[in-house]
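Engineer: missing the sequence, but the structure's below:
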């Protein structure tokens, strides 16, 4: 490690540690909020341990099952949570996973991944790869011929790489039919200062986006690699259904819209590209302290209903 990269790591580590401590102290955990919304009678298996490639290490996961499951093993949605690549927010999508499992009649695997700067790229992608191989091995639980992947924010980048690079790599083992990206962070190469929208709502500041980038991909020359920034993936590598859900007030919205435009212009395989903007809300709005009847509540229902409808269509449920 060069002196410059060591200094960058120490800076990122100090700032990330402060942010993690702040979230813990003030008690604003989106994980607790989301899990508290899951109905008590939901069928959830918590604490699943997925073996990783590193001896003695496991990847934490939860499985959400639909009620009244009959007719063999179900399709599965594999979901990766948001984090900016740095925050330990596994479980923050619990309510989403529960709703999708019930509404679409499929299993949902909510899975963790290693965070940066302690484990930069390719740590999270390796965990995603190990997770997909584990799903293939669980034929008594899931139908490996009927898989979809999803992700929120930085988790959207991991889902996008799973749906392109890893989908292609494991084509003989698993079939990923769809990818759902919710307000994804997918272009680490774009300068943070250039990420703007006309009506921002509590937007990420450039320093925060720079922290995400420097923690996850400390070498700027790697950030145009499709395995680092899913934004640069070959359109031919995408699954048959691609859903890009963005928030109007989110400065990350343009990169998702640019990806959607590129997929539409290079769509020789007849992919279904779904683009949907959630009006008047910010990035990560669905993990805030939502009041019934508020615009955030309405948009959360809009998002979850859209995801369920897409997956029901993909898997003919």
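Structural biologist: Here it is on my side, so go on. Since the model is a prediction, treat every value here as computed from it, not as a measurement.

Engineer: buried ones in stretch 190-197?
Structural biologist: Residues of stretch 190-197 classed as buried by neighbour count (16 or more other C-beta atoms under 10 Å): 190, 192, 195, 197. Heads up, the C-betas are built off the backbone N, CA and C, glycines and all.

Engineer: and that stretch, how far apart are its ends?
Structural biologist: End-to-end distance of stretch 190-197 (C-alpha to C-alpha, to the nearest Å): 14 Å.

Engineer: hmm, who's touching that stretch?
Structural biologist: 203-204, 206-210, 213, 248-255 (C-beta atoms under 8 Å, 6 or more residues apart in numbering).

Engineer: if any of those residues are buried, put those into a PyMOL selection.
Structural biologist: Per 16+ other C-beta under 10 Å, the buried members of the contacts of stretch 190-197 correspond to this PyMOL selection:
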select buried, resi 203+204+209+213+248+249+250+251+252+253+254+255
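
Engineer: and which of the contacts of stretch 190-197 is nearest to residue 302?
Structural biologist: Among the contacts of stretch 190-197, residue 248 lies closest to residue 302 (C-beta to C-beta), at 12.2 Å.

Engineer: the closest one contacts residue 277, correct?
Structural biologist: Yes: using C-beta atoms under 8 Å, residue 248 is in contact with residue 277, at 5.6 Å.

Engineer: helices along the stretch 151-300 of the chain, start to end?
Structural biologist: Per DSSP state H, counting those that start in this stretch, the stretch 151-300 of the chain carries helices over the ranges 154-161, 167-169, 206-216, 253-265, 295-315.

Engineer: quick one: mean pLDDT over the fourth one.
Structural biologist: The average pLDDT for helix 253-265 rounds to 97.

Engineer: quick check, distance from that helix to the centre of its chain.
Structural biologist: In this view, helix 253-265 has its centroid 17 Å away from the chain centroid, taken as C-alpha atoms, centre = their mean, to the nearest Å.

Engineer: check contacts around residue 75.
Structural biologist: Residue 75 touches 106-107, 142-143, 146-148, 311, 315, 317, counting by C-beta under 8 Å, 6+ apart.

Engineer: just the ones in helices from these, please.
Structural biologist: 311, 315 (DSSP state H).

Engineer: buried sites along stretch 223-238?
Structural biologist: 223, 225, 228-233, 235, 238.

Engineer: okay, these in JSON lines with distance to residue 163 and pLDDT next?
Structural biologist: Shown next, in JSON lines, are the buried residues of stretch 223-238 (distance: C-beta to C-beta, whole Å; pLDDT from 0 to 100):
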{"residue": "223", "distance to residue 163": "19", "pLDDT": "98"}
{"residue": "225", "distance to residue 163": "16", "pLDDT": "98"}
{"residue": "228", "distance to residue 163": "15", "pLDDT": "98"}
{"residue": "229", "distance to residue 163": "14", "pLDDT": "98"}
{"residue": "230", "distance to residue 163": "8", "pLDDT": "98"}
{"residue": "231", "distance to residue 163": "13", "pLDDT": "98"}
{"residue": "232", "distance to residue 163": "14", "pLDDT": "98"}
{"residue": "233", "distance to residue 163": "8", "pLDDT": "98"}
{"residue": "235", "distance to residue 163": "12", "pLDDT": "96"}
{"residue": "238", "distance to residue 163": "6", "pLDDT": "98"}
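
Engineer: where along the stretch 51-200 of the chain do the strands fall?
Structural biologist: Secondary structure of the stretch 51-200 of the chain (DSSP state E, counting those that start in this stretch): strands located at 58-65, 76-80, 107-111, 147-152, 176-182.
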